[in-house]
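Undergrad: predicted structure and sequence below. I'll ask about it afterward.
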Protein chains: 2
Amino acid sequence: MKGQRSATLDDVARAAGVSRATASRVVTGQGPASSRARDRVAAAVIELGYVPDAAARALASRSGTRLAIAVIGHTAAVLDDPYVGRVLTTAAHIAAEREVGVSLHWLPLNEPVTLAGLAGSRGLGGLLVVNPTRPALETVPRDLRGRVAAIGVGTRDVPSFDVDNRTGTEGVVRHLVSTGRRRIAMVTGPSWLPCGDRAVEAYQRVMRDSGGETRVVPGDFTAARGAAAAAEIMTRWPDTDAVFALSDLTALGVLDGLHALGVSVPGDVAVAGFDDIAFASLSRPALTTSTHPVEEIATAAARAVLDRDGSAPATFFPSTLVVRESA
Amino acid sequence: MKGQRSATLDDVARAAGVSRATASRVVTGQGPASSRARDRVAAAVIELGYVPDAAARALASRSGTRLAIAVIGHTAAVLDDPYVGRVLTTAAHIAAEREVGVSLHWLPLNEPVTLAGLAGSRGLGGLLVVNPTRPALETVPRDLRGRVAAIGVGTRDVPSFDVDNRTGTEGVVRHLVSTGRRRIAMVTGPSWLPCGDRAVEAYQRVMRDSGGETRVVPGDFTAARGAAAAAEIMTRWPDTDAVFALSDLTALGVLDGLHALGVSVPGDVAVAGFDDIAFASLSRPALTTSTHPVEEIATAAARAVLDRDGSAPATFFPSTLVVRESA
DNA sequence: CCCACACATGGAAGCGCTTCCACCGCAATA
DNA sequence: TATTGCGGTGGAAGCGCTTCCATGTGTGGG
């Protein structure tokens, strides 16, 4: 075995007895080529074990082959959220299928989104921004327009893909009401995340319709905050008989906080979450929640940017109630 | 605003009144440069908002700027493991710090590892293989040697970084023994994963020393398998008084399976896991486990490949017992 | 006062690929 | 037979960058 240097397109062209231009056309499948040329090049590719160099390709075609995922949040810890993990692995599947790479980035909240700085934007095939704020989206560089999608809330220029928080929330809260709960508290998402607003509105509407009062405490999608919120809620409103958290992670934290307080679930207080993460069914009591079709959302978003499909401004995916033990 | 085309090194050089070569030296920090040139170039970079093109850089320097993470497993579902998620986010941090991208790949088990095919290996700055088999590692192309590290078991040529399964397992099993358990069953990892062998040996040794018998059932690091394993164990050995799973996910599944069987934990059977994932403290009862310093492991591995530090053949990171309610 | 020897610098040659463009031959059209 | 048109092709020009090399500059020792 002597082939230290891996084969280049020139090697392939030479072996196939065609020009590099022709070889390129065959390999990329772009442009005309006689079946004879096609066969010879294909054979040479196999024989030499040729693998196109992604960097050279990106450079020459000025169109990147990498799908970047930027997660916005206060700290880099947002990268550890199971929700982000699911977005990422889903995107990785799509990317693998298109033979492009994936890169993961954290963008600090409130800083102008220097998306251009994402490891050399020229090599970018597409960009998925997770949980963006509208101001952040305004800073997306012009030359990236049409190759960006938001997972969460979008803007006129940036299409968005998100779960239907509104009907999802309605489903959960109505279920809580149907089991006789009236004094239902809600733990929201981070205040800077606009997608939570619709959920809060839906909660308020259902509560109004059923004659209950609203009790809202801010959350941040973490379990730690859920435990703290549970204590806060039971202190401010001791007669609370249900807690709905806009995140399973937070709901799990609520379960933990309630347990520490000696409150029984669902006996004294029912608890429901949102997202239906893998652990929701493993908790004791198993968590009642509403699905968050992250795989579908991320798939749609990834395909949209990779296909340069800048059509639909906002797509919402339905969420369905999953009743388990906690409510 | 007219700057459609983003700034190139040529623009910077022109603005700074130096040659492109000098500008390159300043930007990369390689090679000599007068402080005057340094200042002028730095100013131009700021003013023009210059961002180096990763693709061009990789092409010209023939040294990639991407950290690839390849996870080996039967199905692409391995990408969803929380362990892989932690490796990934940790690597993303290191990568961000070095200004390189990260890409995620799934490599089918038992297929020759065509690592060369990972989206154009020439652009690869480093490769982290998660849970490799030794045969897989043998297929790593020559030109990648020195830029590859294994997270799990390695080979002579590929350095490895892993948790110290042996002492970690000893700690957990000894703890079980110290609380009076003697009929302890163990749920292992996938049989093709060699790193689990040392754990099994450690378990067997402790059991032998304490006069207990060994009861081993195969696992695969999933929660579903844990539930099934629980049923299997209680059927084959109804007098089992403790279960140790080599993965928290599996242990959580065991908890679930035991609950379905009406077995109380830790009353009838104690349960312990391994990894100390975030949800271990949230389960009811909270899971007793042993830490898996994934962040440290992934950090060390990422730095090793990025720094071309092909020194230590195998590094093991200590695991410490975390006692909670389940055991 | 001259030679050596650093250091600093610009010119130029690529890295491996895509793509524009001119060109050739051949069938279909006039 | 003289035109058009077009699928197929190779030459060549880059994409933005790093890096080798030859060429100036300034310092010190002889």
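TA: Here it is on my side, so go on.
Undergrad: quick one: the helices in the stretch 1-150 of chain A, in order.
TA: Counting by DSSP state H, counting those that start in this stretch, one finds helices in the stretch 1-150 of chain A at the ranges A:9-16, A:20-28, A:35-48, A:54-61, A:82-98, A:134-138.
Undergrad: closest one to B:S61 among those helices?
TA: helix A:54-61 (9.8 Å; Cβ to Cβ). For glycine as for every other residue, the C-beta is placed from the backbone atoms N, C-alpha and C.
Undergrad: what's that closest one packed up against?
TA: When contacts are defined as 3 or more Cβ pairs under 8 Å, 6 or more residues apart in numbering or on different chains; DSSP states H and E, helix A:54-61 sits against helix B:54-61.
Undergrad: what parts of the stretch 51-200 of chain A come near DNA strand C?
TA: A:P52, A:D53, A:A56, A:R57, A:L59, A:A60, A:S61, A:S63 (Cβ under 7 Å from any atom of the strand).
Undergrad: per-domain residue ranges of chain A.
TA: Domains of chain A are assigned by automatic domain parsing as A:9-52, A:66-162+A:295-314, A:165-293.
Undergrad: B:V265 is nearest to which of these?
TA: Taking Cβ to Cβ, domain A:165-293 is the member of the domains of chain A nearest to B:V265, at 9.6 Å.
Undergrad: follow-up on the earlier one: got a markdown table for the domains of chain A, with mean neighbour count, distance to B:V187 and mean pLDDT too?
TA: Shown next, in a markdown table, are those (neighbours: other Cβ atoms under 10 Å in any protein chain shown; distance: least, Cβ to Cβ, whole Å; pLDDT from 0 to 100):
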| stretch | mean neighbour count | distance to B:V187 | mean pLDDT |
| --- | --- | --- | --- |
| domain A:9-52 | 16 | 40 | 92 |
| domain A:66-162+A:295-314 | 20 | 23 | 78 |
| domain A:165-293 | 21 | 15 | 94 |
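Undergrad: tabulate those domains in CSV, adding columns for distance to DNA strand D.
TA: Shown next, in CSV, are the domains of chain A (distance: least, Cβ to the nearest atom of the strand, whole Å):
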stretch, distance to DNA strand D
domain A:9-52, 3
domain A:66-162+A:295-314, 6
domain A:165-293, 34
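Undergrad: among those, which is nearest B:G146?
TA: Checking the domains of chain A against B:G146 by Cβ to Cβ gives domain A:9-52 as the closest, at 19.5 Å.
Undergrad: quick check: end-to-end length of the closest one?
TA: 7 Å (Cα to Cα, to the nearest Å).
Undergrad: now that domain, how far from the chain's geometric center?
TA: 38 Å (Cα atoms, centre = their mean, to the nearest Å).
Undergrad: do the same with stretch A:205-222
TA: That offset, for stretch A:205-222, works out to 25 Å (Cα atoms, centre = their mean).
Undergrad: how about the domains of chain A in JSON lines, adding distance to B:A199?
TA: JSON lines is the format used below for the domains of chain A (distance: least, Cβ to Cβ, whole Å):
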{"stretch": "domain A:9-52", "distance to B:A199": "37"}
{"stretch": "domain A:66-162+A:295-314", "distance to B:A199": "25"}
{"stretch": "domain A:165-293", "distance to B:A199": "23"}
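Undergrad: contact partners for the closest residue to A:G49 other than its chain neighbours?
TA: Distances taken as Cβ to Cβ, 6 or more residues apart in numbering or on different chains put A:A7 closest to A:G49, at 6.3 Å, once the chain neighbours are dropped. Contacts for A:A7 (Cβ atoms under 8 Å, 6 or more residues apart in numbering or on different chains) come out as A:L48, A:G49, A:Y50, A:V51.
Undergrad: dihedrals phi and psi, the second one?
TA: It stands for A:G49. Here is the backbone geometry of A:G49 (degrees, to the nearest 10): phi 60, psi 40.
Undergrad: so which residues of chain A form strands?
TA: A:66-73, A:101-108, A:126-130, A:148-151, A:160-163, A:184-187, A:215-217, A:242-245, A:270-272, A:289-290, A:314-317, A:321-322 (DSSP state E).
Undergrad: out of those strands, which gets nearest to B:G267?
TA: Here strand A:270-272 is closest among those (Cβ to Cβ), at 24.6 Å.
Undergrad: which strands and helices sit next to the closest one?
TA: Against strand A:270-272 (3+ Cβ pairs under 8 Å, 6+ apart) you get helix A:165-178, strand A:242-245, helix A:248-260.
Undergrad: now tabulate these in JSON lines and tack on distance to A:E232.
TA: As requested, the helices and strands packed on strand A:270-272 are arranged in JSON lines below (distance: least, Cβ to Cβ, whole Å):
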{"stretch": "helix A:165-178", "distance to A:E232": "19"}
{"stretch": "strand A:242-245", "distance to A:E232": "11"}
{"stretch": "helix A:248-260", "distance to A:E232": "9"}
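Undergrad: A:V84 contacts A:V130, doesn't it?
TA: Yes: the pair A:V84 and A:V130 qualifies as a contact (Cβ atoms under 8 Å) at a distance of 6.2 Å.
Undergrad: what touches both of these two?
TA: Shared contacts of A:V84 and A:V130, counting by Cβ under 8 Å, 6+ apart, come down to A:V71.
Undergrad: enumerate every residue touching A:I94.
TA: Contact analysis of A:I94 by Cβ under 8 Å, 6+ apart lists A:L67, A:A298, A:T299, A:A302, A:R303, A:L306.
Undergrad: how far away is it from B:P238?
TA: 47 Å (Cβ to Cβ, to the nearest Å).
Undergrad: got the contact list for A:D275?
TA: A:D275 sits next to A:P82, A:Y83, A:S247, A:D248, A:L249, A:T289, A:S290, A:T291, A:H292, A:V294 when contact means Cβ under 8 Å, 6+ apart.
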